[in-house]
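Q: structure for this input, please:
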Amino acid sequence: MSYGLYDADLQFYPIPFYNLDLMKLSAYYKRKREIVGLSLDFSPNKYNHFIVRQDFYANQSYPLNLYNIEYGGKAFNGDVYKPMPYEIEIMRPDISLYSKAIPKQFAAYYKPAINTMRRAEHIRLSLDGATVWKDWEKQLRKDTDCFGLILHDYDPAAIDGCIDIIPDILQLIHRKPGRRLGMKFPAQIYEPETLIKWLKINPMGTYYSLHYNDLISHETALELTEVLKESKACRQISIDITETLQDAYPIDYNIRRVYRNIINLRTQRLVFPLIYDNSIFTDNSWKAVMDLIKTYDDHMISESRHGRSYFSRVAPYETLYSYVRASTKQYDIKPPVIPVELARNVFQFVRENNYELFKDFYEYRGEEVK
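A: As a prediction, the model looks like this:
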C-alpha cells in the first residue's frame, strides 16, 4: 500500500511550517512497513491513498469525488481539532518526511526556518482544545540537539493550565539555557494578566505569536513597559480589534477609541500591529478610514523596528495628518505611499460624519500617564 502525504500549506505560504498530522501519519505507516512519501504536488493518481492536510485558509478547491483522497486540517474542519486514532496521535513525528520539501535553489534562503523545524519538538498538548492531554509526553522525540518546543494546538491559551506547565515542559525537553517556545497558531489572549504570563516565556522568534483581543488600558501599558524590558516577545504581540469594532457603540465611535488607544500606547513607546476582520464593515467608507489608521500604525512599527531614532524624534508628537501629509508627496524616484485622492476622500468623509475624530487626526497626541 502506498500513501501520498500532501501539505497544501507549502503551496501558499513561503515560510515552511511542518504539519504535525502528516509527520505522525508518516511515522505510523512507516512502522507498518508501508510506502510513504511527501507529495510536492496534488497527484492522488500516483498513490493508493492520498492524504491532504491544510491548516491555513486559501482560495483553493479540490476534487471531492475521488475515492482515495482523505482531507483534513483546520482549513477543512474549522476551529475544532478532529483527533486522529489514538495509535496515531501518540506517534513521535517523523521529521525526515520534510527532508526534500524545499527545492534546492531555495534551500539556503529557508535554511534557518528548516533548522528550526528540524531541531524542535513538535507536539499537540490537547486533543479537545480545552484540557491537557494525559499522554502528550508520548509524542516527544527526545533528540539530544533539541532546543525548543513548537505547539500545534489551534489556540494554546485556551488550554486550561497550559501557560503554567510550559516552563516544566521546556525544562524536560532541554535542560540547557535558551530553550524556547514556538506555536503554529497564535495564542488568543483576553486578559492583561494572561498576556503578562505569556510574555515571560522565551519565544522562538517569528514562530511565537500572541493575539491580544482588546484595547490596552493605561494601566496595562505601564505594566507592559516594565515587562518588555526583560521580555524578548514584544514583537510577537498583535492587537485584534475585531471585537472592539463590533461593540454596541456606533462604528465611528469605536474607531475613535482604537485611534486614541494606539496614540496613547505610543506615549509609552509601545506599538503593536492591528488585526481586524474586514467582513465586519457594512460601510466601505469606514473600512477605508480604519485601513488608513492601520497604515499609520504599520508605519510607526516599521520605523521603531529598523533602529531609527523614531521614538525620540517623532513618535510622541506625530499626528495622523502629519504622517499622511508626508506620505502623499510625489518624489521623482517613487510614487506617494498613500494616494492623494484616497487620503482626501477619507478625511472629507470623517469631517462630515464624525468631526471629533476628524479633529483627533490633526490634534490628538495622547494622554501620557505619569
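Q: and the residue lying closest to residue 194 once chain neighbours are set aside, how close does it get to residue 125?
A: Once flanking residues are discounted, residue 194 sits nearest to residue 157: 6.7 Å by Cβ to Cβ, 6 or more residues apart in numbering. (Glycine included, C-beta is placed from N, CA and C.) Residue 157 is 11 Å from residue 125, where distance means Cβ to Cβ, to the nearest Å.
Q: which sections of the stretch 51-200 of the chain are below the confidence cut-off?
A: Low-confidence segments of the stretch 51-200 of the chain (pLDDT under 70): 102-109, 174-177.
Q: and if we set it to 50?
A: Applying pLDDT under 50 to the stretch 51-200 of the chain flags residues 105.
Q: the stretch 201-350 of the chain too?
A: Along the stretch 201-350 of the chain, segments meeting pLDDT under 50 span 307-316.
Q: now with 70, please.
A: Low-confidence segments of the stretch 201-350 of the chain, defined by pLDDT under 70: 303-317, 330-334.
Q: what about the helices in it?
A: Secondary structure of the stretch 201-350 of the chain (DSSP state H, counting those that start in this stretch): helices at 218-227, 242-245, 251-267, 284-305, 310-313, 320-327, 340-353.
Q: any idea which of these is most buried?
A: A comparison of the helices of the stretch 201-350 of the chain by mean neighbour count, using mean count of other Cβ atoms under 10 Å, puts helix 251-267 on top with a mean of 20.
Q: angle of that helix against helix 218-227?
A: Angle between the axes of helix 251-267 and helix 218-227 is 30 degrees (criterion: axes from the mean of the first three to the mean of the last three Cα atoms, to 10 degrees).
Q: got phi/psi on the residue lying closest to residue 156 once chain neighbours are set aside?
A: Excluding its sequence neighbours, the residue lying closest to residue 156 (Cβ to Cβ, 6+ apart) is residue 187, at 4.7 Å. Taking degrees, to the nearest 10, you get phi -80, psi 120 for the backbone angles of residue 187.
Q: bridging residues for residue 187?
A: Taking DSSP bridges as the rule, residue 187 bridges to residue 210.
Q: that one and residue 213 touch, don't they?
A: No: with contact defined as Cβ atoms under 8 Å, residue 187 does not reach residue 213; the gap is 10.6 Å.
Q: more neighbours: which of these two?
A: Neighbour count, other Cβ atoms under 10 Å: between residue 187 and residue 213, residue 187 has more, with 25 against 16.
Q: distance-wise, check that one relative to residue 98.
A: Applying Cβ to Cβ, the value for residue 187 to residue 98 is 25 Å.
Q: also residue 280?
A: 37 Å.
Q: who has more neighbours, these two?
A: residue 98 (22 against 15).
Q: run a quick neighbour tally on the residue lying closest to that one once chain neighbours are set aside.
A: Closest residue to residue 98 apart from its sequence neighbours, by Cβ to Cβ, 6+ apart: residue 18 at 5.4 Å. Neighbours of residue 18 under the rule other Cβ under 10 Å: 25.
Q: okay, now residue 31: neighbour count?
A: When neighbours are defined as other Cβ under 10 Å, residue 31 has 12 of them.
Q: not counting residues beside it along the chain, what's closest to it?
A: residue 91 (7.8 Å).
Q: so the one you found sits against residue 30, correct?
A: No: here residue 91 lies out of contact with residue 30, judged by Cβ under 8 Å, at a distance of 9.7 Å.
Q: those two: which is more packed in?
A: residue 91 (20 against 16).
Q: residues contacting the more buried one?
A: By Cβ atoms under 8 Å, 6 or more residues apart in numbering, the contact set of residue 91 is 24, 25, 27, 28, 31, 139.
Q: what packs against the helix or strand residue 359 falls within?
A: Take DSSP states H and E as the rule and residue 359 turns out to sit in helix 355-363. Judged by 3 or more Cβ pairs under 8 Å, 6 or more residues apart in numbering; DSSP states H and E, helix 355-363 is in contact with helix 251-267, helix 320-327, helix 340-353.
Q: who wins for proximity to residue 153 among those helices?
A: Smallest distance to residue 153 across these (Cβ to Cβ): 28.9 Å, for helix 251-267.
Q: now the angle from that closest one to helix 320-327?
A: Using the same axes, to 10 degrees: helix 251-267 against helix 320-327 is 80 degrees.
Q: quick one: helix 251-267 to helix 355-363, angle?
A: Using the same axes, to 10 degrees, helix 251-267 lies at 30 degrees relative to helix 355-363.
Q: contacts for helix 251-267?
A: Helix 251-267 has contacts (Cβ under 8 Å, 6+ apart) with 215-216, 218, 221, 241, 244-247, 249, 271-272, 274, 281, 283, 286, 289-290, 293, 297, 300, 315-316, 320, 350, 353-354, 356-357, 360-361, 364-369.
Q: again with stretch 345-359
A: Under the contact criterion Cβ under 8 Å, 6+ apart, stretch 345-359 has outside partners 252, 253, 255, 256, 259, 285, 288, 289, 292, 321, 324, 361.
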